[in-house]
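Participant: the sequence isn't on hand, but the structure is:
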């Protein structure tokens with residue numbers, strides 16, 4: 001058995017988790033919308049066509065924010081196609097995903113769905129084929145009370161009061177060659193700056209995120225951020241950051257280490273943003289919007305953009321089936337986000353339903369939780385408060401295929417990957433939540449926590465997610481094969497907490513004041 005020790009002081013905080021850190025993402029892609037959140041005629045559908053079985057799982061998952069409508073889709077999207085009487089909306093070819101978009105679900109339906117799901121909307125604007133004029137019009141349509149052409153059109157469409165959408169993305173992954181309307185950093189920076197000016201003049205209260213690099217592996221990473229922020233620094237609140245963890249080499253130990261590259265990526269983007277601030281002698285500190293993150297690799301090469309039989313509506317593409325192994329890597333990403341709560345204020349798991357998602361559905365049938373559902377639900381439930389610094393002593397290992405970022409493979413060898421990955425959250429009421437991964441694939445780990453600064457605590461909940469088969473999945477036929485159970489060995493003796501973590505396990509320990 002391995003041993004590890006952790007010293008935590010409730011007075012030494014990294015930062016506070018913003019509620020929007022627990023966000024998600026819905027794109028017009030595959031069955032994310034049609035057959036996912038929206039399916040008129042489904043046995044559980046409400047009057048708006050929203051699947052109530054999916055809504056129930058979304059509420060259990062606990063996202064606080066949902067980004068929409070893309071993603072790659074938004075870069076050729078005319079938002080006007082998705083408003084007004086449904087029967088009069090045009091069908092369009094979706095060039096991003098080689099599909100047909102019927103536009104039966106659009107901006108107003110999305111806002112209504114957000115209200116039904118009790119989440120806040122985050123809207124992206126098209127800066128691929130369009131510009132600031134269309135973006136400003138969309139803000140006016142959504143947020144202006146009335147008395148103007150676009151706001152009165154919203155009211156005519158049946159939404160009397162404004163939507164008051166506060167968080168907006170200035171395009172999506174504009175550095176990528178796969179993006180409709182790809183731009184150089186300078187061209188995008190200029191377009192984003194002008195769009196930001198127009199959008200803010202319509203509604204000065206909105207917050208804006210500029211596109212950062214699509215991944216750490218992009219050849220333009222670093223230079224892209226520096227150039228884009230030279231144009232947009234004074235006009236935006238966030239720089240976006242995207243990462244997908246992968247295991248192309250089928251090396252589990254390296255895969256579980258890949259979330260540590262999220263930590264490095266975040267630190268690098270912070271440094272790049274602060275360098276721009278320093279050059280401007282500015283006290284402003286841009287925050288990060290990590291508005292796409294997940295495990296994704298099995299379907300990202302073979303299915304992306306492929307539609308061999310014409311231009312289908314809502315084809316089943318990018319439907320990644322997640323394993324127990326994936327849940328562990330995913331949990332590591334959760335911990336990375338928490339440990340950067342001082343600067344990462346927005347984050348969106350990509351995506352929410354069916355498409356690289358924690359929730360799967362059968363069109364016309366049931367819905368179930370994938371393995372990655374549980375770490376996210378635990379994070380959203382227990383990680384509200386101040387993220388604390390942890391002084392950790394743990395054995396470590398080497399990872400020969402150390403990589404993250406998506407389909408571009410740039411493998412490196414790294415040393416000293418700690419077997420124990422941890423985040424600690426202090427609740428305002430005095431409680432403490434611990435998120436723990438034992439990355440050792442064979443050995444148990446006894447962890448001793450020194451909680452001398454916390455006063456009296458009581459062990460409230462102790463949860464474990466693991467399976468003897470790291471390839472185990474949840475399916476419609478076996479929806480509960482991988483699910484949390486009670487952590488067997490955890491005890492509190494005064495200010496000393498001890499827990500035994502099983503090999504390859506995700507664990508949550510929640511303590512409260514008695």
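Facilitator: Okay, I see it. The structure displayed is predicted, hence computed values, not measured ones.
Participant: and the helices in this protein?
Facilitator: For the chain, helices defined by DSSP state H occupy the ranges 52-61, 107-117, 132-143, 149-156, 185-202, 223-232, 252-257, 259-279, 324-338, 373-382.
Participant: residues making contact with the second one?
Facilitator: When you say that, I think you mean helix 107-117. 26, 37-38, 46, 48-50, 55, 58-59, 63, 66, 68-69, 79, 82-83, 120-121, 123, 138, 141-142, 154, 157-159, 163, 165 (C-beta atoms under 8 Å, 6 or more residues apart in numbering). In this view, the C-beta of every residue, glycine as well, is placed from N, C-alpha and C.
Participant: try the longest one
Facilitator: When contacts are taken as C-beta under 8 Å, 6+ apart, the neighbours of helix 259-279 outside the stretch itself are 212-213, 216, 222, 225-226, 229-230, 233, 239, 241, 243, 245, 283-286, 288, 290, 293, 329, 332-333, 335-337, 339-340, 343-344, 402-405, 414, 417, 421.
Participant: kindly report the same for the fifth one.
Facilitator: Under the criterion C-beta under 8 Å, 6+ apart, residues 125, 127, 131-133, 135-136, 139-140, 143-144, 168, 170-171, 174-175, 183, 206, 208, 210-211, 220, 223-224, 227-232, 235-236 lie in contact with helix 185-202.
Participant: equivalent analysis for the third one, please.
Facilitator: Residues outside helix 132-143 that contact it (C-beta under 8 Å, 6+ apart) are 78-79, 83, 107, 111, 123, 125-127, 148, 150-151, 153-154, 162-165, 168, 170, 191, 194-199, 201-203, 206.
Participant: if we use 6 Å, what do you get?
Facilitator: Applying C-beta atoms under 6 Å, 6 or more residues apart in numbering, the contact partners of helix 132-143 are 79, 125, 150-151, 154, 162-165, 194-195, 198-199, 202-203.
Participant: repeat that for the shortest one.
Facilitator: Judged by C-beta under 6 Å, 6+ apart, the contacts made with helix 252-257 from elsewhere in the structure are 247, 325, 328-329, 399, 401-402, 417, 439.
Participant: before we move on, what about the fourth one?
Facilitator: Residues outside helix 149-156 that contact it (C-beta under 6 Å, 6+ apart) are 137, 140-141, 144, 146.
Participant: so which of these is the closest to residue 500?
Facilitator: residue 141 (56.1 Å; C-beta to C-beta).
Participant: can you give me the strands in the stretch 301-450 of the chain?
Facilitator: Applying DSSP state E, counting those that start in this stretch to the stretch 301-450 of the chain gives strands spanning 344-350, 359-361, 367-369, 386-393, 396-402, 412-418, 420-426, 432-438, 445-450.
Participant: neighbours of the nearest residue to residue 500 once chain neighbours are set aside, just the number please.
Facilitator: In space, and not counting its chain neighbours, residue 500 is closest to residue 489: 3.8 Å by C-beta to C-beta, 6 or more residues apart in numbering. Neighbour count for residue 489, taken as other C-beta atoms under 10 Å: 13.
Participant: quickly note the distance from residue 489 to residue 444.
Facilitator: From residue 489 across to residue 444, the span is 9 Å (C-beta to C-beta, to the nearest Å).
Participant: could you do residue 145 as well?
Facilitator: 60 Å.
Participant: who has more neighbours out of those two?
Facilitator: Comparing residue 145 with residue 444 by neighbour count (other C-beta under 10 Å), the higher total belongs to residue 444, at 15 against 12.
Participant: wait, that one sits on residue 2?
Facilitator: No. In this structure, residue 444 is not within contact of residue 2 by C-beta atoms under 6 Å, at 7.2 Å.
Participant: show me what the least confident helix or strand in the chain by mean pLDDT is packed against.
Facilitator: Scoring the helices and strands of the chain by mean pLDDT, DSSP states H and E places strand 412-418 at the bottom, with a mean of 78. The contact analysis (3 or more C-beta pairs under 6 Å, 6 or more residues apart in numbering; DSSP states H and E) places strand 412-418 against strand 396-402.
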